[in-house]
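Visitor: I need the structure of the sequence given here:
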Amino acid sequence: MSQQPPDQRPGGQSWNPPPGGQPPQGYYPPPPQQPPYGQPPQGFQQPPQQRPTQEWQQPPGPPFAPQQPPMRRERITHTYKNMAMYNREMSLMTNSGWRVEHLQPAGKKVIVTWYRDVPNIPGQAPVTPQKKGGLPAIAIVGIVIGALFLFGIIAAAIGGGSKATATATPGNVAAQSVATGNTQSSLSGQPTVGKPTATEKPAATPIPSVGQAVSLKNWDVTVVTVEKPGPMLQTSSGGNKKTAIGQWIVLAVDLKNTGKENFGLNDFDFVLKDANGASIKVKNDLGFESGYNSYRGGLAYNTQIPPGSTVHAFIAFDVGPDANGMKLEFQGNKQLIGLGF
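Guide: Here you go, the predicted structure:
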């Protein structure tokens with residue numbers, strides 16, 4: 001058994017208790033020591049804390065993000081005659097930020113609801129892109145040929161019905177003369193052979209030419225100049241060039257919106273017609289989406305033109321080296337504009 005350490009009593013005396021014995025009378029054990037983390041002694045004062053004299057600096061990290069403006073959702077609904085027309089316009093709509101919200105087939109037609117989210121700026125009206133219009137080139141050529149064929153039938157019918165139909169009787173010499181195409185002189189009594197009257201064709205309507213403004217549906221169109229740069233065309237300020245299969249024809253066109261709402265323009269609005277009635281479309285890589293117009297100082301892509309405003313555009317076509325009788329057709333209108341070659 002281990003012995004308890006001796007207790008130090010006042011006066012320098014120590015008492016060693018015998019094993020299993022009791023302390024003598026009047027013995028008091030020493031008070032327990034205060035723990036190291038106890039209460040501070042009475043009268044102790046905590047020294048005041050020193051604040052840093054250095055100014056506060058923002059911790060490293062990304063700057064505070066600016067507050068984003070509230071957004072609003074625009075919706076438009078287009079009805080397409082068939083799925084091919086929808087596929088043709090889909091790239092233009094998606095490049096403009098529109099997405100398909102609902103697509104519903106209706107027989108051969110397709111009804112599509114488009115949407116896009118734009119900043120909700122007070123006072124800014126929603127912008128609706130112009131739906132691509134006009135008929136395909138083959139349909140336009142067929143309509144023109146059919147109209148000419150019908151005009152020929154009507155002209156032939158008018159010419160055949162202009163002959164006299166009076167009934168000749170023995171006592172009606174004048175009627176007989178008219179019916180046979182002969183007239184009788186009142187002086188000599190001898191018949192004179194008369195020539196049948198030819199049917200006069202109506203005068204052809206003159207075609208507007210370069211420099212003349214043409215008023216069409218919602219637009220006044222003026223071909224200002226016709227450029228023939230040949231087989232090589234510079235397409236940017238950096239000197240980029242494109243080579244034509246035949247030769248380049250560039251039209252500088254002024255267009256004024258005479259309608260009652262905003263309208264846009266696209267490549268399908270402009271078609272060239274040659275002397276044989278063939279259609280030539282705008283070169284795809286030089287259309288409104290290519291940036292060629294912006295390089296020439298013309299209309300930027302996907303621009304909405306408000307009513308009463310005039311814009312300038314440069315339209316490039318790749319035509320054959322022997323092309324002649326060229327005319328400009330705008331948005332499928334029957335009124336063409338002659339280009340002078």
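Visitor: and residue 70, what is it in contact with?
Guide: Residue 70 sits next to 119-120 when contact means CB atoms under 8 Å, 6 or more residues apart in numbering. For glycine as for every other residue, the C-beta is placed from the backbone atoms N, C-alpha and C.
Visitor: any idea how far residue 122 is from it?
Guide: Separation of residue 70 from residue 122 (CB to CB, to the nearest Å): 10 Å.
Visitor: got it, and residue 290?
Guide: Distance from residue 290 to residue 122, by CB to CB: 35 Å.
Visitor: between these two, which has more neighbouring residues?
Guide: A direct count of neighbours by other CB atoms under 10 Å for residue 290 and residue 122 places residue 290 higher, at 19 against 5.
Visitor: measure the more buried one to residue 283 for me?
Guide: Remark: distance between residue 290 and residue 283 (CB to CB) = 9 Å.
Visitor: and for residue 323?
Guide: Residue 323 is 14 Å from residue 283, by CB to CB.
Visitor: residue 316 contacts residue 248, correct?
Guide: Yes: between residue 316 and residue 248 there is a contact under CB atoms under 8 Å: 6.2 Å.
Visitor: between these two, tell me which one has more neighbours.
Guide: Just comparing residue 316 and residue 248: by other CB under 10 Å the higher neighbour count belongs to residue 316, 24 against 20.
Visitor: who are the contact partners of that one?
Guide: 233, 248-250, 282-283, 286, 292.
Visitor: tell me which of the residues you listed is nearest to residue 208?
Guide: residue 249 (17.7 Å; CB to CB).
Visitor: which SSE is the closest one in?
Guide: Assignment of secondary structure by DSSP states H and E places residue 249 within strand 241-257.
Visitor: strands paired with that strand, and their directions?
Guide: Paired neighbours of strand 241-257 in the sheet (DSSP bridges): strand 219-234 (antiparallel), strand 310-319 (antiparallel).
Visitor: could you measure from residue 98 over to residue 274?
Guide: Going from residue 98 to residue 274 by CB to CB gives 36 Å.
Visitor: again with residue 264
Guide: Distance, residue 264 to residue 274, by CB to CB: 28 Å.
Visitor: and what about the residue lying closest to residue 77 once chain neighbours are set aside, helix, strand or coil?
Guide: Using CB to CB, 6 or more residues apart in numbering and skipping residues adjacent in sequence, the residue nearest residue 77 is residue 113, 4.9 Å away. Assigned with DSSP: H, G, I helix; E, B strand; the rest coil, residue 113 falls in the strand class.
Visitor: next: the one 3 residues further on.
Guide: Following three-state DSSP, the label given to residue 116 is strand.
Visitor: list the contacts of it.
Guide: Here residue 116 is in contact with 73-74, 96-99 (CB under 8 Å, 6+ apart).
Visitor: got the CA positions of the top helix by length along the chain in CSV?
Guide: Looking across the chain with DSSP state H, the single longest helix is helix 137-160. Presented in CSV, the C-alpha positions along helix 137-160 are these (Å, rounded to 0.1, in the frame of the first residue of the first chain):
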residue,chain,number,x,y,z
ALA,A,137,-39.6,31.4,-108.2
ILE,A,138,-41.1,28.5,-110.2
ALA,A,139,-44.7,29.5,-109.1
ILE,A,140,-44.1,33.1,-110.2
VAL,A,141,-42.8,32.0,-113.6
GLY,A,142,-45.8,29.7,-114.0
ILE,A,143,-48.2,32.6,-113.2
VAL,A,144,-46.6,34.9,-115.7
ILE,A,145,-46.7,32.3,-118.5
GLY,A,146,-50.3,31.5,-117.7
ALA,A,147,-51.3,35.2,-117.8
LEU,A,148,-49.6,35.7,-121.2
PHE,A,149,-51.4,32.6,-122.6
LEU,A,150,-54.8,33.9,-121.3
PHE,A,151,-54.1,37.3,-122.8
GLY,A,152,-53.4,35.7,-126.2
ILE,A,153,-56.7,33.8,-126.1
ILE,A,154,-58.7,37.0,-125.2
ALA,A,155,-56.9,39.0,-128.0
ALA,A,156,-57.8,36.3,-130.6
ALA,A,157,-61.4,36.2,-129.5
ILE,A,158,-61.7,40.0,-129.8
GLY,A,159,-60.1,39.9,-133.3
GLY,A,160,-62.4,37.2,-134.5
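Visitor: quick check: closest non-adjacent residue to residue 292.
Guide: residue 286 (4.8 Å).
Visitor: follow-up on the earlier one: which neighbours do residue 316 and residue 248 share?
Guide: Overlap of the contact sets of residue 316 and residue 248 (by CB under 8 Å, 6+ apart) consists of residue 233.
Visitor: residue 264 and residue 274: which is more packed in?
Guide: Per other CB under 10 Å, whichever of residue 264 and residue 274 has more neighbours is residue 264, with 21 against 16.
Visitor: my read: that one touches residue 299, true?
Guide: No: taking CB under 8 Å as the definition, residue 264 is not a contact partner of residue 299, at 9.4 Å.
Visitor: pLDDT weak spots in this protein?
Guide: 1-41, 44, 49-68, 123-139, 159-204, 289, 301 (pLDDT under 70).
Visitor: quick one, helices of it?
Guide: Using DSSP H, helices in the chain cover 83-95, 137-160, 173-180, 292-296.
Visitor: buried ones only from the contacts of residue 316, please, as a PyMOL command.
Guide: This is how PyMOL selects the buried members of the contacts of residue 316, with burial counted by 16 or more other CB atoms under 10 Å:
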select buried, resi 233+248+249+250+282+283+286+292
